[in-house]
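J.: Build me a structure from this.
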Amino acid sequence: IKRLYWIALGFMTALSVLRSRRAIAVSDYAGKSLTFGLVKKSAGKLSIIHHGIDPLFTPGVVGPADPPFLLAVGDLYVQKNFGTLIEAFALVARSYPHLSLKIAGRPVDVDYCKHLETVVQRLGLAGSVEFLGEVGRDDLILLYQRCRIFVFPSIVETFGQPLAEAMACGATIASSRTTAMPEIVGDAALFFDPSDAEDMARNIVNLLEDDVLSRDLATRGALRAKKFSWDDTA
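T.: Numbering: from 1, shown residues only. From the prediction side, this is the model:
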């Protein structure tokens, strides 16, 4: 049923774009994928307009929390790929036992949430992985500001709002290199294969061990975030 839903949604989106007078896509990737490659036929009517960032999302003045934690943000369903992230975190935790993983997002897919809880229990991470549920804006900003690394493991994104917010808050970012993610984050992240837990863990460890690289990416992200303004979007 879920697969049929996404197929139907994709078909109706493409049909809507082809029949519309004007259409907006939030990224180049979205413009190409949601028209099933028919972007040439809709080129005259399709505009790429990125999302913006609330100006309250800014770098913090306190610095990373102690003990340190990794942060992931997104509603809990399969495309967000949190299962692979938890597998990667288990590998990282072997060398960093005091590190924890916090996942902030609404439990949208109940079956997937149960699966994630099973993965946590199987890997013996019950005391190290915390599901925060939906988090308010002010608390979310603090999480971005205080996390040691923001990890974005998603398989598919048409934009990736948490990436933009994390950059604006000066977070060090490790991200999937698929779909719209490289377009949004540019050179302000260390990229990994979202299907490979070992690659994900390796890049997280690289950032944990290299403070110079970590600070450099955070600085690049804060600068790049200035490209995403709701005024410009409007």
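J.: for the lowest-mean-pLDDT helix or strand in the chain, which positions count as buried?
T.: Here the helix or strand of the chain ranked lowest by mean pLDDT, DSSP states H and E is helix 2-19, holding a mean of 78. By neighbour count on 16 or more other Cβ atoms under 10 Å, the buried set for helix 2-19 is 13, 14, 17. Any C-beta I mention is one placed from the backbone N, CA and C, and that applies to glycine too.
J.: Which one of these is nearest to residue 198?
T.: Nearest to residue 198 out of the buried residues of helix 2-19 is residue 13 (Cβ to Cβ; 34.6 Å).
J.: what about that closest one, distance to residue 73?
T.: Distance, residue 13 to residue 73, using Cβ to Cβ, to the nearest Å: 25 Å.
J.: what residues are up against the residue nearest in space to the middle of the chain?
T.: The centroid of the chain falls nearest to residue 152 when counting by Cα atoms, centre = their mean (3.5 Å). By Cβ atoms under 8 Å, 6 or more residues apart in numbering, the contact list for residue 152 reads 72-74, 160, 162-163, 166, 173-176, 181, 189.
J.: what's the distance between residue 18 and residue 132?
T.: In terms of Cβ to Cβ, residue 18 sits 40 Å off from residue 132.
J.: show me where pLDDT drops low in this protein?
T.: Residue ranges of the chain with pLDDT under 70: 1-2, 34-43.
J.: so where do the helices sit in it?
T.: Assigned by DSSP state H, the chain shows helices spanning 2-19, 28-33, 82-93, 110-122, 137-146, 161-168, 181-185, 197-209, 211-224, 230-233.
J.: Tell me the helices and strands packed up against the second one.
T.: So the one you mean is helix 28-33. In terms of contacts (3 or more Cβ pairs under 8 Å, 6 or more residues apart in numbering; DSSP states H and E), helix 28-33 is packed against strand 46-48.
J.: 10 Å instead, please
T.: Helix 28-33 is packed against helix 2-19, strand 23-25, strand 46-48, helix 181-185, with contacts defined by 3 or more Cβ pairs under 10 Å, 6 or more residues apart in numbering; DSSP states H and E.
J.: Could I get the ones you listed in a markdown table, plus columns for distance to residue 227?
T.: As requested, those are exported to a markdown table (distance: least, Cβ to Cβ, whole Å):
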| stretch | distance to residue 227 |
| --- | --- |
| helix 2-19 | 25 |
| strand 23-25 | 17 |
| strand 46-48 | 13 |
| helix 181-185 | 9 |
